[in-house]
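Q: Here is a sequence with its predicted model. Questions after.
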Amino acid sequence: MGDPNQLYYLQSRLRRVEGSVLEVGSKDYGSTMPFRERLDYTGSYVGVDMEDGTGVDVVGDLSAGLCGLEPGQFSLVICCSVLEHVQRPWLMADHLTQLMRPGGYLFVAVPWVWRYHGYPEDYYRFSHRGVMVLFPQIEWSDHSFATYIQGKTIPIRDGSDAQAICDRLAVMSATPEGNQKYLPYMQVLMLGNKR
């Protein structure tokens, strides 16, 4: 399940998926957009979540194993707003990579600047470089920032560009202690292929 910018980003970069799709964190909580109904794909669609519910085909913890799924099965793996809730995201990253076919796509969306949100717990925030370290077998073709402005993403070209974008989006606000710098809500959106 994703937000409008996550869906916009994926649809604008990947028009059709030839093969099966795996969505991690697929349970419909009523406040997100279902990818399953909005993507064009030719194979099966499998939703995995830690709790049963609408949109969930497999109940399991992908940080603990492959949950009975076949390695190399998926042409696209979607992992949106999930990795920050995983105690050991490097294990989940390894398992997601195993589930992808060679040349398959991985779409990751993670918070960079966002409030604490424990569903059930909240552990991490990720830069685009942090995501790259988690997924060393993925060749990233695109990484962008997104804020609340729907339909707008800001491409990240390199590390200095990311810093400049954050500096440009920062807002100074007067407080009793003096001026404070604040960043808006920002997420990192990334698309890549398994080598």
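A: Structure received. Numbers count the residues shown, from 1 in each chain.
Q: Flag every buried residue along the least confident helix or strand in the chain by mean pLDDT.
A: Here the helix or strand of the chain ranked lowest by mean pLDDT, DSSP states H and E is helix 159-169, holding a mean of 87. Neighbour counts over helix 159-169 (16 or more other CB atoms under 10 Å) mark 162, 165-166 as buried. Where you see a C-beta, it was placed from the backbone N, CA and C, and this is true even at glycine.
Q: okay, those residues in TSV with distance to residue 80 next?
A: Converted to TSV, these look like this (distance: CB to CB, whole Å):
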residue	distance to residue 80
162	20
165	21
166	21
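Q: Return the member of these nearest to residue 117.
A: residue 166 (20.7 Å; CB to CB).
Q: who's in contact with that closest one?
A: 183, 186 (CB atoms under 8 Å, 6 or more residues apart in numbering).
Q: try residue 53
A: Per CB under 8 Å, 6+ apart, neighbours of residue 53: 27-29.
Q: same thing but at 10 Å, please
A: Listed by CB atoms under 10 Å, 6 or more residues apart in numbering, the contact set of residue 53 reads 26-29, 47, 59.
Q: what's the answer for residue 83, then?
A: Per CB under 10 Å, 6+ apart, neighbours of residue 83: 24-25, 63, 89-90, 92-93, 96, 108-111, 123-126, 130-131, 134.
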